[in-house]
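Participant: Need coordinates for the following:
(chains A, B, C and D)
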Number of protein chains: 2
Amino acid sequence: MKLSNGVEWALHGCVTLSQAAEPVPATRIAELHAIPPAYLAKHLQALSRAGIVRSTAGQAGGYTLTRPASAITVLEVVRAIDGTEPAYRCTEIRQNGPLAVPADRCARPCAIARAMAAAQDAWSTALTSVTIADLAADIDADSGGTALPQVRRWLAAARG
Amino acid sequence: MKLSNGVEWALHGCVTLSQAAEPVPATRIAELHAIPPAYLAKHLQALSRAGIVRSTAGQAGGYTLTRPASAITVLEVVRAIDGTEPAYRCTEIRQNGPLAVPADRCARPCAIARAMAAAQDAWSTALTSVTIADLAADIDADSGGTALPQVRRWLAAARG
DNA sequence: ACAACTCGGATATTCGGTGTCCGAGTTCCG
DNA sequence: CGGAACTCGGACACCGAATATCCGAGTTGT
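Facilitator: Numbers count the residues shown, from 1 in each chain, chains lettered A, B, ... in the order given. Predicted structure coming up:
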């Protein structure tokens, strides 16, 4: 089980966007974190499709959050990048072989699938309780209150 | 994020093994669920390496659980098949770019990594609370108490 | 009207999961 | 005690998805 690498970039990108009132191009975010610009753009497109960010074209265009950062959960971002498919997918092998369970007895998912689904729910719940605003606040606290102002200043300076 | 398909086979296999006092060959388990025998063998080897099952060679050989099914958690099996690497791996991109955080300021993992780790812990905890014995009991209950006896009978019949 | 900048999707490449095979070792039977 | 059959174990192809990239369509500001 491995999570796409783009999730990290998307989350950092959302935190960055939460500090900018005006649109920020994908290229700008990419150079902030020194990551491949074209690939980051691909993931930002996914965020756009999910309705988390809004894109404006043309000069002075870029990406903006569609909602306040406190209304965007980490789970939403993860799902936008990585997809909504659960980690465990039951193949229903209980319906195969010499002791196959008849299909009309399989209305409910099997016990293994239920256990895995419960674990997935716990995971999702944990990620739902954290918002982009929480991440930004924690990052700022870790730096002693200097990180977010620095980002805001850098975004303004790069614009000029 | 996707979980290896072999996890399902391994868990079903462990439930089957929990019903057999004598060694069961990989071929036998494979035909029970109508899955590729050679590939299932590969995963059973992983369980062997993890110390969950014990293999005996030669005629009348096969796999056996090393512990009672109530002492084997689902998480152990998942980790044996899928590896112990957490789903989210932090690349530390905060140390890159024009606003790079100095390395000596990065003793603790970043806020994003902490949130993902917490979710992973919740997931792991959920899977630790379920044992192979629990799965077997649930499967039996779902079938109205017929599933496990059927498996035991089939294992005995196939031996002869 | 022009030009520059932006996003968006279509396109190669690499890596891990999927599936398979044959050899080494061991146990049982004659 | 020798042989044969059965078992596991690791080494070998195959495939799909994630990675990484590019260029064209559209829009804004001048």
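Participant: so, in contact with chain B or not, stretch A:67-86?
Facilitator: Yes - counting by Cβ under 8 Å from any Cβ of the partner chain, chain B has neighbours in stretch A:67-86: A:Val74, A:Asp82, A:Glu85. Every C-beta, even on glycine, is put in place using the N, C-alpha and C of the backbone.
Participant: and whatever residue of chain A ends up closest to DNA strand D, what element?
Facilitator: In chain A, the residue that lies nearest DNA strand D is A:Gly58 (2.2 Å; Cβ to the nearest atom of the strand). Under DSSP states H and E, no helix or strand contains A:Gly58.
Participant: now A:Val15
Facilitator: helix A:6-17.
Participant: re the thing from before, now the residues of stretch A:67-86 next to chain B as JSON lines including secondary structure?
Facilitator: Below are the residues of stretch A:67-86 next to chain B laid out as JSON lines (DSSP: H, G, I helix; E, B strand; the rest coil):
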{"residue": "A:Val74", "secondary structure": "helix"}
{"residue": "A:Asp82", "secondary structure": "helix"}
{"residue": "A:Glu85", "secondary structure": "coil"}
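Participant: Filter these down to just the buried residues.
Facilitator: A:Val74, A:Asp82 (16 or more other Cβ atoms under 10 Å in any protein chain shown).
Participant: For beta bridges, what are the partners of the residue lying closest to A:Ser129 once chain neighbours are set aside?
Facilitator: Leaving aside its chain neighbours, A:Ser129 sits nearest to A:Thr73 (7.8 Å; criterion: Cβ to Cβ, 6 or more residues apart in numbering or on different chains). Beta-bridge partners for A:Thr73, by DSSP bridges, are A:Thr131.
Participant: I'd like to know how many residues surround A:Thr73.
Facilitator: 18 (other Cβ atoms under 10 Å in any protein chain shown).
Participant: so it sits right up against A:Leu127, yeah?
Facilitator: Yes - using Cβ atoms under 8 Å, A:Thr73 makes contact with A:Leu127 at a distance of 6.7 Å.
Participant: that older thread, A:Pro25 versus the residue of chain A closest to DNA strand D, what's the distance?
Facilitator: Here A:Gly58 is placed at a distance of 11 Å from A:Pro25 (Cβ to Cβ, to the nearest Å).
Participant: ok, the residue of chain A closest to DNA strand D - how many residues close by?
Facilitator: 7.
Participant: Please tell me how far it sits from A:Lys42.
Facilitator: On the measure of Cβ to Cβ, A:Gly58 and A:Lys42 end up 20 Å apart.
Participant: Next, the contact list for the residue positioned nearest the centre of chain A, please.
Facilitator: Geometric centre of chain A, nearest residue: A:Val77, 2.1 Å, by Cα atoms, centre = their mean. Shown in contact with A:Val77 (Cβ atoms under 8 Å, 6 or more residues apart in numbering or on different chains): A:Val7, A:Ala10, A:Leu11, A:Cys14, A:Leu47, A:Ile52, A:Ile132.
Participant: same deal with A:Val53?
Facilitator: A:Cys14, A:Leu17, A:Leu44, A:Leu47, A:Tyr63, A:Thr64, A:Leu65, A:Thr66.
Participant: Please report phi then psi for it.
Facilitator: Main-chain torsions, A:Val53, degrees, to the nearest 10: phi -120, psi 160.
Participant: For it, list each beta-bridge partner.
Facilitator: Beta-bridge partners of A:Val53, as defined by DSSP bridges: A:Leu65.
Participant: So which bits of chain A are right by DNA strand D?
Facilitator: A:4-6, A:36, A:38-39, A:41-42, A:56-61, A:83 (Cβ under 7 Å from any atom of the strand).
Participant: Helix or strand with the lowest mean pLDDT in chain A?
Facilitator: helix A:147-159 (a mean of 91; mean pLDDT, DSSP states H and E).
Participant: Only C-alpha atoms, please: export it in PDB.
Facilitator: C-alpha atoms of helix A:147-159 as PDB (Å, rounded to 0.1, in the frame of the first residue of the first chain):
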ATOM      1  CA  ALA A 147       6.900  30.500   8.200                       C
ATOM      2  CA  LEU A 148       3.600  31.900   7.000                       C
ATOM      3  CA  PRO A 149       4.600  35.600   6.900                       C
ATOM      4  CA  GLN A 150       7.700  34.500   4.900                       C
ATOM      5  CA  VAL A 151       5.500  32.700   2.400                       C
ATOM      6  CA  ARG A 152       3.200  35.700   2.100                       C
ATOM      7  CA  ARG A 153       6.200  38.000   1.500                       C
ATOM      8  CA  TRP A 154       7.700  35.700  -1.000                       C
ATOM      9  CA  LEU A 155       4.500  35.400  -3.000                       C
ATOM     10  CA  ALA A 156       4.200  39.200  -3.100                       C
ATOM     11  CA  ALA A 157       7.800  39.700  -4.100                       C
ATOM     12  CA  ALA A 158       7.700  37.100  -6.800                       C
ATOM     13  CA  ARG A 159       4.700  38.900  -8.300                       C
END
